[in-house]
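# below are the sequence and a predicted model; questions follow.
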Amino acid sequence: MATAPRHEAYGPARTASPVLVGRETELESLTATLSEQPAVAMIEGEAGVGKSRLLRELLGRPPLRNLRIMLGRCQSLREPFLYGAVIEALGGLAHPPVPPSLARNRLNPVTGVLRALLPELSAYLPEAPEPTGDPRSERHRLFRAVRELLSGVGPALLVVEDLQWADDGSRHLLRFLMADLPRNLSIVVTYRREDVPGGVPLGSAYRPPPGAASILVNLRPLDRAQVRVLAAALLGRTISTRFAGKLYERTAGIPFVVEETLLALRDSAEGGRATRQLLENVEVPVLLREAMAERLTGMPLPAVRLAQAAAVLETPVDAGLLSEVAGLTERRCHEALASALGNGVLYEIDERSYGYRHSLARQAVYDTLPGYDRQRLHARALRALEHRVPRPVVRMAEHSHHAGDAALALRYGERAADLAA
């Protein structure tokens, strides 16, 4: 059957990379699963890890070219639209070529309840049935109508991106569809688990129905070698191991962050000292800054204060130092730390220390602090470090400088120089 070209159907690329790096295994597994219908694929990963790029590559694979693609994206809204992403995806059926099966005499009469939600398809849908007057019955009828419509346009692939922002209605509707998949339908959803309410993307545990293929893909950041390959592809030249290692440390191997960082450096000479300094000072990519801001907004105030303290301290530290700088009691620190870890803001670096996955994430939180709060937290950090043995004089000099105490910064700077000598 004729369908829209894969990349045009999916929309503009969100990446500058000419090649897909480090996702060959995931791509092959997804292709094999979705080549058989019905099927469900769930792709999870943090912001910028490459979920959308993987989907673009997936939709271009030959075994999927006969599928009608229906794409919906959940939006980061305070009050998400009811069934928003699924309705958006179904609205795409009105784009030419319209499936031949969308003829009134071939659709189940229950699909008429969708006329109000999908006016662009009103020419193809039956007349709306009389309302039942019972909200629960109406919802069940709506769910059945969506399933019947999807059954009539196959073979098809329903794609819902960013499920972490979906309303509860969309989650329930997707779970309803997955529990009894039409035989000519496959579903793909993407989400950030750390941003999903309760950590359960569909609102409750999902079990694939008998007879349906199913796969869960957990996208991880790239390793050092893969970062080097990606950087070389983006810059069009060989990348030194040293520069690639520095880039990996700065970005934690998150592909989008790697790309944005390199775009900011594309006019500099790779590998030189000036470039490494620029790499330290490159601005935080918008996607990462927004993702961190969303997570901070969803945390209680003590957890936000703990995240801000960790951003000021810069390096991974123990919970005791975090609580002292944040001004929290031991009990409140424990609760705040659990929240910060659960929301993917802080990470357990080892058994005794906590910090940020990479320096750009730390910088994103640090940049949210007003100047007065930065000075206050740096002063607290300085007081807390004065009791550590041995004293970390280099860090204390930095904290003194940011706290606005030039004399103390000079004194600790001289001590650090003496120790270095």
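Here it is on my side, so go on.
# burial of A409, as a residue count?
Using other Cβ atoms under 10 Å, A409 has 19 neighbouring residues. In this view, the C-beta of every residue, glycine as well, is placed from N, C-alpha and C.
# for it, what are its contacts?
By Cβ atoms under 8 Å, 6 or more residues apart in numbering, the contact set of A409 is A397, E398, S400, H401.
# sec struct for it, please.
The three-state assignment at A409 reads helix, by DSSP: H, G, I helix; E, B strand; the rest coil.
# relative to A94, how far out is it?
Between A409 and A94 the computed distance is 65 Å (Cβ to Cβ, to the nearest Å).
# geometric centre of the protein: which residue is closest?
Compute the mean C-alpha point of the chain, and by Cα atoms, centre = their mean the closest residue is A47, 2.6 Å away.
# now it, nearest residue through space, not along the chain?
Nearest residue to A47, sequence neighbours excluded (Cβ to Cβ, 6 or more residues apart in numbering): A291, at 3.9 Å.
# for the one you found, give its distance to S214.
A291 sits 28 Å away from S214, going by Cβ to Cβ.
# look at these two and report which has more neighbours.
A direct count of neighbours by other Cβ under 10 Å for A291 and S214 places A291 higher, at 22 against 17.
# give me the contacts around the host helix or strand of the more buried one.
With the criterion set as DSSP states H and E, the secondary-structure element containing A291 is helix 286-297. Residues outside helix 286-297 that contact it (Cβ under 8 Å, 6+ apart) are 46-48, 76, 192, 194-195, 254, 256-257, 260, 304, 307, 343-345, 360-361, 364-365, 367-368.
# which of those residues fall in helices?
Here DSSP state H is the test, and the contacts of helix 286-297 give F256, V257, E260, V304, A307, L360, A361, A364, V365 as lying in helices.
# before we move on, the earlier item: now, of the contacts of helix 286-297, which are buried?
The neighbour-count test (16 or more other Cβ atoms under 10 Å) marks 46-48, 192, 194-195, 254, 256-257, 260, 304, 307, 343-345, 360-361, 364-365 as buried among the contacts of helix 286-297.
# for this structure, what's the longest helix?
Across the chain, the longest stretch assigned as helix under DSSP H is helix 135-151.
# what is the rounded mean pLDDT of that helix?
For helix 135-151, mean pLDDT rounds to 94.
# so what's A311 up against?
So A311 contacts Y356, R362, Q363, V365, Y366, L369 (Cβ under 8 Å, 6+ apart).
# in a strand, it, correct?
No. With three-state DSSP as the criterion, A311 is assigned helix and is not in a strand.
# how near is it to K246?
Distance of A311 to K246, computed by Cβ to Cβ: 21 Å.
# so the closest residue to R23 other than its chain neighbours is in which element?
Closest residue in space to R23, ignoring its immediate chain neighbours: L54 at 5.5 Å, by Cβ to Cβ, 6+ apart. Using DSSP H and E, L54 sits in helix 51-59.
# which helices and strands does that helix pack with?
helix 6-10, helix 24-34, strand 39-44, strand 156-161, strand 185-191 (3 or more Cβ pairs under 8 Å, 6 or more residues apart in numbering; DSSP states H and E).
# mind listing what the helix or strand following that helix pairs with, with the direction of each?
Once the chain leaves helix 51-59, the next helix or strand it forms, by DSSP H and E, is strand 68-73. Strand 68-73 sits in its sheet next to strand 156-161 (parallel), going by DSSP bridges.
# show residues contacting the strand it pairs with.
Contacts to strand 156-161, defined as Cβ under 8 Å, 6+ apart, come from residues 34, 51-52, 55, 59, 64, 67-74, 85-86, 89, 150, 166, 170, 174, 177, 184-190.
# let's see that with 6 Å instead.
By Cβ atoms under 6 Å, 6 or more residues apart in numbering, the surrounding residues in contact with strand 156-161 are 67-73, 85, 89, 185-190.
# let's have the contacts of A311 in CSV, adding pLDDT and distance to P109.
Below are the contacts of A311 laid out as CSV (pLDDT from 0 to 100; distance: Cβ to Cβ, whole Å):
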residue, pLDDT, distance to P109
Y356, 92, 56
R362, 91, 57
Q363, 90, 57
V365, 94, 54
Y366, 94, 59
L369, 92, 59
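# need those in JSON lines with distance to C333, can you?
What follows is the contacts of A311, written out as JSON lines (distance: Cβ to Cβ, whole Å):
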{"residue": "Y356", "distance to C333": "17"}
{"residue": "R362", "distance to C333": "19"}
{"residue": "Q363", "distance to C333": "23"}
{"residue": "V365", "distance to C333": "17"}
{"residue": "Y366", "distance to C333": "20"}
{"residue": "L369", "distance to C333": "19"}
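# just to revisit the earlier point, of the helices and strands packed on helix 51-59, which shows the lowest average pLDDT?
helix 6-10 (a mean of 46).
# most neighbours among the contacts of A409, which one?
S400 leads those on contacts (other Cβ under 10 Å) with 23 neighbours.
# just the C-alpha atoms of the helix or strand where that residue lies, please, in PDB.
In this structure, S400 sits in helix 393-402 according to DSSP H and E. In PDB, the C-alpha atoms belonging to helix 393-402 read as follows (Å, rounded to 0.1, in the frame of the first residue of the first chain):
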ATOM      1  CA  VAL A 393      42.700  24.100  49.500                       C
ATOM      2  CA  VAL A 394      42.200  24.300  45.700                       C
ATOM      3  CA  ARG A 395      38.400  23.900  46.100                       C
ATOM      4  CA  MET A 396      38.400  26.200  49.100                       C
ATOM      5  CA  ALA A 397      40.100  28.900  47.000                       C
ATOM      6  CA  GLU A 398      37.400  28.500  44.300                       C
ATOM      7  CA  HIS A 399      34.600  28.700  46.900                       C
ATOM      8  CA  SER A 400      36.200  31.800  48.500                       C
ATOM      9  CA  HIS A 401      36.300  33.500  45.100                       C
ATOM     10  CA  HIS A 402      32.700  32.700  44.300                       C
END
